[in-house]
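> A structural model of the following input is requested.
(2 chains)
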Amino acid sequence: MWIFLLSDALSFAGLLLAYGILRGGATVWHHAADPVHHLPAEPELGIAFTAGLTFLLICSSVTMVLAYAAVVENKRKQAQLFLALTALGGILFLCGQAKEYTGLYQEGLHFGASHYATTFYCITSFHGFHVFSGTTYLIVMLIRVGMGKYDGGNYNHIEICGLFWHFVDLIWILVFTFVYLVPSAPTGG
Amino acid sequence: MAHVDRKQYMIIFLVLGVLTALEIGVVQFKSIDRTLMLVALIGLAVTKAAFVGLYYMHLKYETRILKLTIAIPMATPAVYALVLIAEATYRALFRGVS
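Numbering: from 1, shown residues only, chains lettered A, B, ... in the order given. As a prediction, this is how the structure comes out:
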């Protein structure tokens, strides 16, 4: 799993480096309104809402590690509860991302319209796909824990699932900073 | 080897929450120098990511060889980013100088 995560991390590194190069080299990153061509300003990304999503992922990392602890200590019910809460965190995150995409699209942030829009959708949707995969993985593990597959302190599969979920959280911490928090320069990116 | 420390997990959770709040606080100060803000934001993000990796992914308790296997390749894109930033800064400072 570590080697897979390493290759996955390098994929994200490639996306973030490309983002940095495009943004650093741009004369205009976030387009203001263009009255000549009747184009509205590109919408700003919502930091407050996304900070909520970030906190949600952090909470789901805690429940994941508590699920792992419960499996190690052979507490099946507790493990089920924490795994279910972790999966719920993933589902809520995806709902939040869908809401964010819908709002931004309606405000005029369209894929392909600018580097600002395209890199935003590429990076966040790639991460969103990881959240979807991770949530599916968690639900499968939840079912398997319910079937008693990990009774008796057999925690290896849960630990591996946890590694993937924490990785999803770790990557989001970086994406949140670079895509949402880094302010635009007075001129350019 | 399983490593379970619930108290530590909750402390890390609090630390991550506080660091996230700090990040949000930093971006509210529009008057801060942009370079200083970037350093603060990247420092906070890397610290948070390190806490997740070391304590939730238990990297702190893994073998030295695994730690190096992860750390060395991950340092590569970071070094590349620093080289690009240094190159862009050089061009900005010495614009017009061949």
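> okay, CA-based contacts and neighbour counts for the rest of this
Will do.
> which residue sits farthest out from the middle of chain A?
Going by CA atoms, centre = their mean, the residue of chain A most distant from its centre is A:Val36, 37.3 Å out.
> Surely that one forms part of a strand?
No: if the criterion is DSSP: H, G, I helix; E, B strand; the rest coil, then A:Val36 is coil and not within a strand.
> how about it, phi and psi?
phi -60, psi -50 (degrees, to the nearest 10).
> which residues in chain A form helices?
Under the criterion DSSP state H, chain A contains helices at A:2-25, A:47-72, A:76-106, A:115-146, A:156-175.
> okay, those helices in TSV with mean neighbour count and distance to B:Val27 next?
Output for the helices of chain A, formatted as TSV (neighbours: other CA atoms under 10 Å in any protein chain shown; distance: least, CA to CA, whole Å):
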stretch	mean neighbour count	distance to B:Val27
helix A:2-25	16	18
helix A:47-72	22	9
helix A:76-106	19	20
helix A:115-146	18	19
helix A:156-175	22	15
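> So which bits of chain B are right by chain A?
Selection of chain B residues close to chain A by CA under 8 Å from any CA of the partner chain yields B:2, B:4-6, B:9-10, B:13, B:16-17, B:20, B:23-24, B:27, B:34, B:38, B:41-42, B:45-46, B:48-49, B:52-53, B:56-57, B:70, B:73-74, B:77, B:81.
> From these, list the buried ones, please.
For the residues of chain B next to chain A, a burial check counting by 16 or more other CA atoms under 10 Å in any protein chain shown picks out B:4, B:9, B:13, B:16-17, B:20, B:23-24, B:27, B:34, B:38, B:41-42, B:45, B:48-49, B:52-53, B:56-57, B:74, B:77, B:81.
> quick one: which of those residues sit in helices?
Among those, DSSP H puts B:9, B:13, B:16-17, B:20, B:23-24, B:27, B:34, B:38, B:41-42, B:45, B:48-49, B:74, B:77, B:81 in helices.
> Need the per-residue pLDDT for B:Cys21.
Wrong residue type there; residue B:21 is Ala, not Cys. Model confidence at B:Ala21, expressed as pLDDT, equals 93.
> can you count the residues close to A:Met1?
Neighbour count of A:Met1, defined by other CA atoms under 10 Å in any protein chain shown: 11.
> Against A:His166, how distant is the nearest residue to it once chain neighbours are set aside?
The shortest distance from A:Met1 to any non-neighbouring residue, by CA to CA, 6 or more residues apart in numbering or on different chains, is to A:Ile160 (6.6 Å). Going from A:Ile160 to A:His166 by CA to CA, to the nearest Å gives 10 Å.
> I figured A:Trp172 was touching A:Thr54, is that so?
Yes: counting by CA atoms under 8 Å, A:Thr54 is a contact partner of A:Trp172 at 7.2 Å.
> in chain B, which residue is closest to the centre?
Centre-most residue of chain B, counting by CA atoms, centre = their mean: B:Val46, 1.2 Å.
> That one: what's it in contact with?
A:Leu174 (CA atoms under 8 Å, 6 or more residues apart in numbering or on different chains).
> If we ignore the residues flanking it in sequence, what's nearest the residue in chain B positioned nearest to chain A?
Scanning chain B for the residue nearest chain A gives B:Ala49, at 5.1 Å (criterion: CA to the nearest CA). Distances taken as CA to CA, 6+ apart place A:Leu170 nearest to B:Ala49, at 5.1 Å, with adjacent residues excluded.
> tell me what the helix or strand of chain B with the lowest mean pLDDT is packed against?
One helix or strand of chain B scores below all others by mean pLDDT, DSSP states H and E: helix B:64-93, with a mean of 87. Counting contacts by 3 or more CA pairs under 8 Å, 6 or more residues apart in numbering or on different chains; DSSP states H and E, helix B:64-93 is packed against helix A:2-25.
> Contact partners for A:Val65?
Contacts of A:Val65 (CA under 8 Å, 6+ apart): A:Gly162, B:Tyr9, B:Tyr56.
> any low-confidence regions in chain A?
Counting by pLDDT under 70, chain A shows low-confidence ranges at A:185-189.
> need the residues of it near chain B, please.
Contacts of chain A with chain B, taken as CA under 8 Å from any CA, map to A:2, A:6, A:9-10, A:13-14, A:17, A:47, A:51, A:55, A:58-59, A:61-62, A:65-66, A:69, A:72, A:162-163, A:166-167, A:170-171, A:173-174, A:177, A:181-183, A:185.
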